[in-house]
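J.: generate coordinates for the sequence data below:
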Amino acid sequence: MVVELFNWHHLTLFLTTLGIVALVCVIFAVFLRKKSKWISWTAILILLATGFIFHFLRLAWPPPNATWPSSLAYVLPISICGFNTLVFPLIFFSKKKYLRDYMFYVGVFSGFLAMLTPTNVLESQIPAWHFEAIRYYIAHGILVVAPLLMVLCGHHKLNWRRVWAPGWLLVGVTFVILINDVILYATGIYDGGFVELFDRNSRNVGMIYGPADNAGFWGDALRFFSPRFLRRAPFDNGLVAAGETFYWPVLWVVIPGVIYMTIGCFLVSLIFDFRTFKQDMQSTWRKIFRKKSIQKSIDN
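T.: Sure thing, here's the model as predicted:
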């Protein structure tokens with residue numbers, strides 16, 4: 001029985017992985033939070049290294065290993081999760097607040113969505129307990145649990161004032177994916193050319209080439225905030241005539257992507273940093289009322 005969206009096998013893999021993630025977080029938060037940070041730091045680094053290894057293990061089993069050397073693309077940054085798997089160990093070492101914010105928010109969001117809608121597993125039509133399906137869920141589960149542990153164990157503190165940044169960093173990541181796609185087509189690792197590169201229904205990670213035909217609600221939500229001129233061809237580009245529907249790669253999704261990402265980051269930040277938010281709001285109100293009181297005294 002192959003994995004299909006929301007069938008029994010898919011839900012079993014998804015819920016089992018979420019359960020393991022939750023269990024690991026509880027164990028670390030309860031038993032290791034107050035112990036030496038070196039222990040939890042080492043454990044998180046081991047998790048990230050494991051995810052890195054499992055990312056490259058994708059080449060060891062079919063279907064990827066049957067298409068060498070084009071299968072090399074599978075371990076390059078062809079997706080947001082693939083990029084994250086490669087750079088998260090470096091970000092964890094860096095201790096840069098904005099980068100670690102990106103690691104937390106984008107890691108948790110993208111990892112969760114990838115497990116909820118496992119595109120690679122669904123397209124491969126592989127059995128539920130095939131190594132590739134298990135590898136996929138382990139790798140993406142690590143993208144969720146490692147950032148959570150980083151925050152829960154005190155290695156990084158979220159701040160609601162920085163929620164604007166992850167969305168823009170994610171835009172930068174999508175540009176990296178775009179450049180990577182161009183190189184893969186130019187070198188012949190991907191078959192095809194200009195037409196295949198801009199195909200919205202194929203290799204369209206993060207909808208950077210526009211919403212797929214079956215995007216439904218998500219496509220409409222992104223189009224709502226996307227300027228019309230970024231969804232039209234300014235001239236005949238060989239794919240469509242001037243004025244017809246054509247999504248400018250990455251650019252069309254910048255504004256809606258940043259808006260939705262910022263809202264999501266803000267809501268999640270309130271779970272971990274509500275005290276700072278509350279203090280800032282109280283301070284702001286006091287300043288407003290103080291100014292009004294001073295202005296009223298001057299008027300009198």
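J.: sketch out the low-pLDDT regions of the stretch 1-150 of the chain for me.
T.: 1, 33-34, 62-70, 122 (pLDDT under 70).
J.: at 90 what do you get?
T.: Where the stretch 1-150 of the chain drops to pLDDT under 90, the residues are 1-14, 24-40, 43, 56-79, 94-95, 117-136.
J.: all helices of it, in order?
T.: For the stretch 1-150 of the chain, the helices defined by DSSP state H, counting those that start in this stretch occupy 8-27, 37-56, 80-94, 97-116, 119-124, 131-152.
J.: so what's Pro50 up against?
T.: I think there's a mix-up here, since residue 50 is Thr and not Pro. The neighbours of Thr50, taking CB atoms under 8 Å, 6 or more residues apart in numbering as the test, are Ile138, Ile142. Where C-beta positions appear, they are placed from N, C-alpha and C, glycine not excepted.
J.: please tell me how far it sits from Met261.
T.: 27 Å (CB to CB, to the nearest Å).
J.: same check, this time on Ser269
T.: Look at Ser269 and Met261: by CB to CB, they are 12 Å apart.
J.: what does Gln279 give?
T.: Relative to Met261, and taking CB to CB, Gln279 is found at 25 Å.
J.: next: Val173.
T.: As judged by CB to CB, Val173 and Met261 stand 11 Å apart.
J.: what do you get for Phe112?
T.: For Phe112, the distance to Met261 (CB to CB) stands at 14 Å.
J.: who has more neighbours, those two?
T.: Shown here are Phe112 and Met261; by other CB atoms under 10 Å, Met261 has more neighbours (22 against 18).
J.: for the closest residue to the more buried one other than its chain neighbours, what is the enclosing helix or strand?
T.: Of all residues not flanking Met261 in the chain, Gly167 sits nearest, at 3.4 Å (CB to CB, 6 or more residues apart in numbering). According to DSSP states H and E, Gly167 maps onto helix 165-186.
J.: thinking again about what came up before, my guess is the residue nearest to Met261 contacts Thr262, does it?
T.: Yes - if you go by CB atoms under 8 Å, Gly167 and Thr262 touch, sitting 5.1 Å apart.
J.: in terms of neighbours, single out the busier of the two.
T.: Gly167 (22 against 17).
J.: let me see the contact set for that one.
T.: Per CB under 8 Å, 6+ apart, neighbours of Gly167: Gly257, Val258, Ile259, Tyr260, Met261, Thr262, Cys265.
J.: how near is the closest residue to the second one other than its chain neighbours to Gln279?
T.: Same thing as Val258. Leaving aside its sequence neighbours, Val258 sits nearest to Gly167 (CB to CB, 6+ apart; 3.9 Å). Distance of Gly167 to Gln279, given as CB to CB: 24 Å.
J.: spatially speaking, which residue is in the middle of the protein?
T.: Taking CA atoms, centre = their mean, the centroid of the chain lies closest to Ser110, which sits 3.2 Å from it.
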